[in-house]
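only the shape, not the letters, is given here:
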DNA sequence: TTAAAATTTTAGATTAGTCTAAAAAATATT
DNA sequence: AATATTTTTTAGACTAATCTAAAATTTTAA
């Protein structure tokens, strides 16, 4: 059984690992966890001893398949709770993250399966992110960030990074919700801001914002 | 802000205090918290410093009104979550305690008020215990345990102590649910077991069990 | 390719919560 | 009332998670 803190580290490592080609660095993790590198080194030794990650000194860590499964169980809980908060309790999607960060650590597989059933086995959370199944399996759908897209291409918003409530409020205001179609009209060369069309409305978003909007794109 | 552990101690003190006339003793608390007296002494010093209890060496602790309010906030959360688990997720009432012990520590007043609303502002939880309001106020209704009742008296089950799942399953089986009418027929002198009638069925329950069934009695 | 800079790890300390063993105080018993 | 017993507190140690400061290693750059 992992502690609250171990779970948070593992989840952060999973998210930072992305594809898993490059190792996750100590400083990256310290930044993500709002802590110091020395603390990170201690913790990754513990997670490594539990074989949830592979750790090589001065190189970084890679998540093992056992670690990935565990991380996805936590992410499953996080996303199911976010769905509950929005669908049932009437939270807005920018309010849910902080509370879900707490709820994701509740230990009861019976609870989470009942919740899943109660919500009608949703496939994605309110941000459009896929919800892993009981075994920590994820239906893979490759997502591309808006800042990677060439002018002329179209996509459907499938996910928005949920860490910053201010950003989420802004995206809500401009109508950038999961499911919405988006078209890239142009990209300013000097600041990499993007001109897009959402629901027939022309909008400009900064590079910073465009990095946080993830799309499903037909190739 | 109280820690997880501080909250658990405070709640235990509140429950052990009953009327509040006698002080809660160190060993009682150690028993309730499944820990050692030395640990209890350390913790009550902390809670005392926060003025949630009054502590007198070698005498015991009494909960302050601030402490009572805080404890009732936690109890409010516990009972609302229990209600949610039974009403919405289809848990049986003997399954909810353990999970509610975790959920009661989630910090978000917005969450708990929304949950309250979603459940239709319930007045009691599935065990029949009253749910305190946002300000930690409890609608007082004096409860009498079945082992205190004289033969011939009648009452309505309003609450059942929820700590032991085995007991709850047993009570469920014999039909001893909150709201059910109960009549005391006789009490065996030698072992203090009680003969009762619930829904026209005659039953015997041991003294041990009768202590855990709380009743509303017309005086 | 060697020195400078950045990153990472180790060493040692700190805090919260716990423990055991011993000391202190209160209660019970003769 | 003096002693024995029980209860409670203190002292000192342990673990998990954190920190600062210093040492080790890797990377960058001159």
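Now that the structure is in, tell me what you want to look at. On a predicted model such as this, the values are computed, not experimentally measured, just so you know.

list phi and psi for residue A:190.
With angles defined as degrees, to the nearest 10, residue A:190 sits at phi -70, psi -30.

who touches residue A:186 in this structure?
Counting by Cβ atoms under 8 Å, 6 or more residues apart in numbering or on different chains, residue A:186 touches A:151, A:194-195. To be clear about C-beta, it is placed using only N, CA and C from the backbone, and glycine gets the same treatment.

after whichever strand or helix holds it, which helix or strand is next?
According to DSSP states H and E, residue A:186 maps onto strand A:181-187. Going down the chain from strand A:181-187, the next helix or strand is strand A:194-198, by DSSP H and E.

near residue A:111, how many other residues are there?
When neighbours are counted by other Cβ atoms under 10 Å in any protein chain shown, residue A:111 registers 22.

so it is in contact with residue B:96, correct?
No. Contact criterion Cβ atoms under 8 Å: residue A:111 and residue B:96 do not qualify, at 9.6 Å.

between those two, which contacts overlap?
residue B:85.

quick one on the thing from earlier: can you select the buried ones from the contacts of residue A:186 in PyMOL?
Those of those that count as buried under 16 or more other Cβ atoms under 10 Å in any protein chain shown are selected in PyMOL with:
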select buried, chain A and resi 194
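
I'd like the contacts of residue A:186 as TSV, with pLDDT and distance to residue B:41 appended.
Below are the contacts of residue A:186 laid out as TSV (pLDDT from 0 to 100; distance: Cβ to Cβ, whole Å):
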residue	pLDDT	distance to residue B:41
A:151	89	70
A:194	93	63
A:195	93	67
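
show me where chain A dips below the pLDDT cut-off.
Chain A contains residues with pLDDT under 70 at A:140-142, A:162-163, A:218-219.

mind listing what the residue with the shortest distance to the centre of it touches?
In chain A, the centroid-proximal residue (Cα atoms, centre = their mean) is residue A:161; its distance is 5.7 Å. Applying Cβ under 8 Å, 6+ apart, we find residue A:161 in contact with A:127, A:167, A:212, A:214.

quick one: which of those is nearest residue B:27?
The shortest approach to residue B:27 among those belongs to residue A:127, at 50.5 Å (Cβ to Cβ).

so what's the closest one up against?
Contacts for residue A:127 (Cβ under 8 Å, 6+ apart) come out as A:82, A:93, A:159-162, A:178.

what do you get for residue A:46?
So residue A:46 contacts residue A:6 (Cβ under 8 Å, 6+ apart).

what's the answer for the one 5 residues further on, then?
Residues in contact with residue A:51 (Cβ under 8 Å, 6+ apart) are A:64, A:66-67.

try residue A:176
A:157, A:160, A:182, A:198, A:213.

top of the residues you listed by neighbour count?
Highest neighbour count within these: residue A:213, with 27 neighbours (other Cβ under 10 Å).

from what I can see that one touches residue A:156, true?
No. With contact defined as Cβ under 8 Å, residue A:213 does not reach residue A:156; the gap is 10.9 Å.
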